[in-house]
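Participant: Structure for the following, please:
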Amino acid sequence: MELLIGLMALDEDRPEESQYLASWFWHVKSDKEKLMTVVDPALDIKKEMFDIVSIIAELAGHCTAREPNQRPDMSHVVNVSSEGERGRTRMATSVSDFY
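Facilitator: Below is the predicted model of the structure:
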């Protein structure tokens, strides 16, 4: 999340609702329009690459679930990350196993 957004995990100088990046990001990650506006401009993400950014954002959100048993294991993270666009379907089906 820090790499995608360009913000620190905790910043007490930000407004209260966004001081904790993980909590704030949870509300942003699934809304593509919002996500597009908060991605670090230094990454210079092109529209055709945004689907992959969305996959990584969704995965990052699941990795920060409050309950450890709701987080994907690292083999799943590696598989989704390495599959790129193909990982979207796999993540959507297997992440639901955690809930």
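
Participant: Please name the nearest non-neighbouring residue to the residue nearest in space to the middle of the chain.
Facilitator: Geometric centre of the chain, nearest residue: Ala57, 2.1 Å, by C-alpha atoms, centre = their mean. Take Ala57 and drop its neighbours on the chain: the residue closest to it by C-beta to C-beta, 6 or more residues apart in numbering is Lys29, 4.5 Å away. C-beta here means a position set from N, CA and C on the backbone, and glycine is covered the same way.

Participant: How about the contacts made by that neighbour?
Facilitator: Shown in contact with Lys29 (C-beta atoms under 8 Å, 6 or more residues apart in numbering): 35, 57-58, 60-61.

Participant: mind listing what's buried in the helix or strand containing the residue nearest to the centre of the chain?
Facilitator: Counting by DSSP states H and E, the element that carries Ala57 is helix 50-63. Going by neighbour count (16 or more other C-beta atoms under 10 Å), the buried part of helix 50-63 is 53-62.

Participant: can you tell me which of the residues you listed lies nearest to Met8?
Facilitator: Using C-beta to C-beta, Ala60 comes nearest to Met8 of the buried residues of helix 50-63, at 14.7 Å.

Participant: ok, now which ones touch the closest one?
Facilitator: Neighbouring residues of Ala60 by C-beta under 8 Å, 6+ apart: 1, 4, 25, 29.

Participant: Likewise for Val28?
Facilitator: 34-35, 38.

Participant: Touching, the residue nearest to the centre of the chain and Leu4? I think so.
Facilitator: Yes - between Ala57 and Leu4 there is a contact under C-beta atoms under 8 Å: 6.0 Å.
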